[in-house]
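Chemist: Just to be clear, the model below is a prediction. Sequence and coordinates:
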Amino acid sequence: MTAALQALQDQVDLLTNSLPDLLQACQNDAGKMDAVNAQYNASQANYYKCINQIFNDDDPGVQALVAQMKQEQTTLAAQVRHIGDVAAVINAVTAAVQTGAALAAKV
């Protein structure tokens, strides 16, 4: 598995494992729950788009996006472990998924 595909899978895995906690933290706020679910679905779509594709891991753009995803993954994992401000977590998830979309566009 390439580093790029691994980064996309790591993001999906983190969101899959965190989804119940994230939704619970939304406290039945439909807008927040919809935002979390939309980003989760987008993350899955990014990953599934790339499963049978080939990344050029030597491409500096791919390398930069993988590095950015790893950094965002670390930040997101910390925020999920200590959910306080759900809106901030949703913003972090959105930023991470957007980076994943940029990476998925490289295939």
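Modeler: Cool, the structure landed. Numbers count the residues shown, from 1 in each chain.
Chemist: buried ones in stretch 72-88?
Modeler: Glu72, Gln73, Leu76, Gln79, Val80, Val86 (16 or more other C-beta atoms under 10 Å). (Glycine included, C-beta is placed from N, CA and C.)
Chemist: List just the nearest of those to Gln39.
Modeler: Leu76 (10.6 Å; C-beta to C-beta).
Chemist: any idea how far that closest one lies from Gln68?
Modeler: Leu76 is 12 Å from Gln68, where distance means C-beta to C-beta, to the nearest Å.
Chemist: if I look at Gln24, how far off is Ala96?
Modeler: On the measure of C-beta to C-beta, Gln24 and Ala96 end up 20 Å apart.
Chemist: who's more crowded, those two?
Modeler: The neighbour comparison of Gln24 against Ala96 (other C-beta atoms under 10 Å) goes to Ala96, with 23 against 12.
Chemist: ok, back up a step: Serialize the buried residues of stretch 72-88 to a markdown table and add fields for distance to Leu14.
Modeler: Below are the buried residues of stretch 72-88 laid out as a markdown table (distance: C-beta to C-beta, whole Å):
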| residue | distance to Leu14 |
| --- | --- |
| Glu72 | 10 |
| Gln73 | 6 |
| Leu76 | 7 |
| Gln79 | 11 |
| Val80 | 7 |
| Val86 | 16 |
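Chemist: So which of those residues are in helices?
Modeler: The helices, defined by DSSP state H, take in Glu72, Gln73, Leu76, Gln79, Val80, Val86 from those.
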